[in-house]
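> coordinates for the following, if possible.
(one chain, ligands or ions: 2)
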Amino acid sequence: MNNFTFTLAELGWRPVWLQQLSFEELEQCFPARVSAVYRDRIHVLSEQGELDIPVTGILDADEPEQRATVGDWLLLAMETHRPVKLLARQNLLQRIAAGTEPKAQLIAANIDTLFLVSSCNQDFNLSRLERYLSLAMSAHIPAVIVLTKADLAEDAEGYREQAQSIHSNVPVVVLNALDAKAADQLGSWLGKGQTIAFVGSSGVGKSTLTNALLGTAAQHTQDIREDDAKGRHTTTGRQMFALPGGGWVLDTPGMRELRLGEDAEGIAELFDDIEQLMGQCRFSNCHHQGDKGCAIEAAIASGELDLRRWQNYSKLSAEAALASKSREERKKAKQQWGKEVSKFARQHKKMKDDWR
Ligand SMILES: Nc1nc2c(ncn2[C@@H]2O[C@H](COP(=O)(O)OP(=O)(O)OP(=O)(O)O)[C@@H](O)[C@H]2O)c(=O)[nH]1
Ligand SMILES: [Zn+2]
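Numbers count the residues shown, from 1 in each chain. Ligands and ions are numbered 1, 2, ... in the order given. Okay, here's the model as predicted:
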């Protein structure tokens, strides 16, 4: 592969990261941005060029959150290129992978704009867009709603208005992803050093849009491959691609499998009007189901609160409560297991001591 060098500004370096470095670190190390993560190595871009680094040392941390993911900033030792520090992230997308022992899987870090993609057809669903938006808010990532397939819709404006009703401050862009002008419509979020990512259901046009943004740079994406155990080429890595205008798009397999809306923080922010209304119910333990003096039911009856929105809020918060409960249970189970292990170790030591 070609060995490109990048300036820190091109890579999206910001003062928040500079503030995390000591004088010694500034002298003896250099920052590098993680552009791809493979099973046993990561790929980074830096002022010193592109480097492949084995996943050992700090990169092999026990806690998944301490490991590097695409978009992360690492500090590497000038001489040895050994990773010294993972810089605190601006934001992080992760998901809890199912399995016998569920654990966090990092998807991408340090995203400047998350494009929430839906299309102007039967995929369009306000409740799903609200899910995406609450996810972005929970992760502290600025979001933009993108509605594709405007060319196929009779009333694309109508879709725009509906999407805009979700939140007045979230930009909505309606476009045809197959049109060469699509990239221009997203131009203001793609400037030098800006990092973006797409989420949305299958078939809404994420790949089409990514290709439209990459333009002729698309070939570059074919370069990043690794040999799997049997020597075949696979493209399973988590990757960051350079856009012709100086921005970066993060495209990782996990991006497409994001489980949404399990974080209460974003839900509270997106539906803060509903949470305020709930505070006005006469009884603090109101079930909002025929209870006397229920502010929610009154607001629905008067048309002030949309029934669909209330139902979606209830569903998302119930899911978030369930997710946090199972997280707590997992944590407890892990602590219990830790206790068993140390008890066993103590008994084992005692046995050994007794034998001496
Ligand atoms: N007419 C029209 N077709 C589009 C538009 N955007 C996407 N398509 C078509 O829709 C189909 C699906 O688009 P993709 O880009 O593969 O969708 P995706 O979101 O990447 O789907 P996954 O890879 O399954 O997540 C393709 O045949 C595209 O050509 C659009 O704005 N207008
Ligand atoms: Zn109530």
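
> quick one: the helices in the stretch 1-150 of the chain?
Along the stretch 1-150 of the chain, counting by DSSP state H, counting those that start in this stretch, helices occupy 15-18, 23-28, 126-138.

> quick check: which of these is buried the most?
Mean neighbours per residue, mean count of other CB atoms under 10 Å, is largest over these for helix 126-138, with a mean of 22. Backbone N, C-alpha and C define where each C-beta goes, glycine included.

> how about it as PDB, C-alpha atoms only?
This file holds the C-alpha atoms of helix 126-138, laid out as PDB (Å, rounded to 0.1, in the frame of the first residue of the first chain):
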ATOM      1  CA  LEU A 126     -40.600   8.800  12.500                       C
ATOM      2  CA  SER A 127     -40.200   6.400  15.400                       C
ATOM      3  CA  ARG A 128     -37.100   4.800  13.900                       C
ATOM      4  CA  LEU A 129     -35.600   8.200  13.200                       C
ATOM      5  CA  GLU A 130     -36.300   9.200  16.800                       C
ATOM      6  CA  ARG A 131     -34.400   6.000  17.800                       C
ATOM      7  CA  TYR A 132     -31.400   7.000  15.800                       C
ATOM      8  CA  LEU A 133     -31.500  10.500  17.100                       C
ATOM      9  CA  SER A 134     -31.700   9.500  20.700                       C
ATOM     10  CA  LEU A 135     -28.700   7.200  20.100                       C
ATOM     11  CA  ALA A 136     -26.700  10.100  18.600                       C
ATOM     12  CA  MET A 137     -27.700  12.300  21.500                       C
ATOM     13  CA  SER A 138     -26.700   9.600  24.100                       C
END
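
> that one vs ligand 1: in contact?
No. Helix 126-138 does not reach ligand 1 (CB under 6 Å from any ligand atom); its nearest approach is 13.2 Å.

> got the CA coordinates for stretch 200-209 in PDB?
C-alpha atoms of stretch 200-209 as PDB (Å, rounded to 0.1, in the frame of the first residue of the first chain):
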ATOM      1  CA  GLY A 200     -29.700   3.600   8.700                       C
ATOM      2  CA  SER A 201     -31.600   0.400   7.700                       C
ATOM      3  CA  SER A 202     -30.600  -1.800   4.900                       C
ATOM      4  CA  GLY A 203     -31.300  -0.500   1.400                       C
ATOM      5  CA  VAL A 204     -31.800   3.200   2.300                       C
ATOM      6  CA  GLY A 205     -28.700   4.100   0.300                       C
ATOM      7  CA  LYS A 206     -25.700   4.300   2.700                       C
ATOM      8  CA  SER A 207     -23.300   2.600   0.300                       C
ATOM      9  CA  THR A 208     -24.600   4.600  -2.600                       C
ATOM     10  CA  LEU A 209     -24.000   7.800  -0.700                       C
END
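
> go through it and flag the buried ones.
Applying a neighbour-count criterion of 16 or more other CB atoms under 10 Å, one finds 200, 204-206, 208-209 buried in stretch 200-209.

> again, but for stretch 270-279
270-271, 274, 277-278.

> over to stretch 312-324?
Result for stretch 312-324 [16+ other CB under 10 Å]: buried residues 312-313, 316-317, 319-320, 323.

> so which of those belong to strands?
Using DSSP state E, the subset of the buried residues of stretch 312-324 located in strands is empty.

> before we move on, back to that, closest one to ligand 2 among the helices of the stretch 1-150 of the chain?
helix 126-138 (20.5 Å; CB to the ion).

> could you give the mean pLDDT of that closest one?
Computed over helix 126-138, the mean pLDDT rounds to 91.

> go on, stretch 241-249?
Stretch 241-249 comes out with an average pLDDT of 92.

> check whether it contacts ligand 1.
No. On the criterion CB under 6 Å from any ligand atom, stretch 241-249 is out of touch with ligand 1, staying 12.4 Å away.

> contacts for that stretch?
Residues from elsewhere that reach stretch 241-249, judged by CB atoms under 8 Å, 6 or more residues apart in numbering: 10, 12, 71, 183, 187, 189-198, 210, 213-217, 220-221, 240, 251.

> show the buried residues in these.
10, 12, 71, 183, 189-190, 193-198, 210, 213-214, 221, 240, 251.

> just those residues: which are in helices?
183, 210, 213-214, 221 (DSSP state H).

> just the residues you listed now: which is nearest ligand 1?
Taking CB to the nearest ligand atom as the measure, ligand 1 lies nearest Thr210 of those, at 7.5 Å.

> what's across from His43 in the sheet?
His43 has the following beta-bridge partners by DSSP bridges: Ala36, Asp52.

> tell me the phi and psi of the spatially closest residue to Thr7 that is not a sequence neighbour?
Ranked by CB to CB, 6 or more residues apart in numbering and with sequence neighbours excluded, the top spatial neighbour of Thr7 is Glu47, at 6.4 Å. For Glu47, the backbone dihedrals are phi -70, psi -20 (criterion: degrees, to the nearest 10).

> Glu47: neighbouring residues, count only.
Under the neighbour criterion other CB atoms under 10 Å, Glu47 is assigned a count of 14.

> and for Lys332?
Lys332 has 10 nearby residues by other CB under 10 Å.

> and if you look at Ala212?
Neighbours of Ala212 under the rule other CB under 10 Å: 22.

> residue contacts, it?
177-180, 182-183.

> what about the nearest residue to it once chain neighbours are set aside, distance to Gln19?
Nearest non-adjacent residue to Ala212, counting by CB to CB, 6+ apart: Ala182, 4.8 Å away. According to CB to CB, to the nearest Å, Ala182 stands 37 Å off from Gln19.
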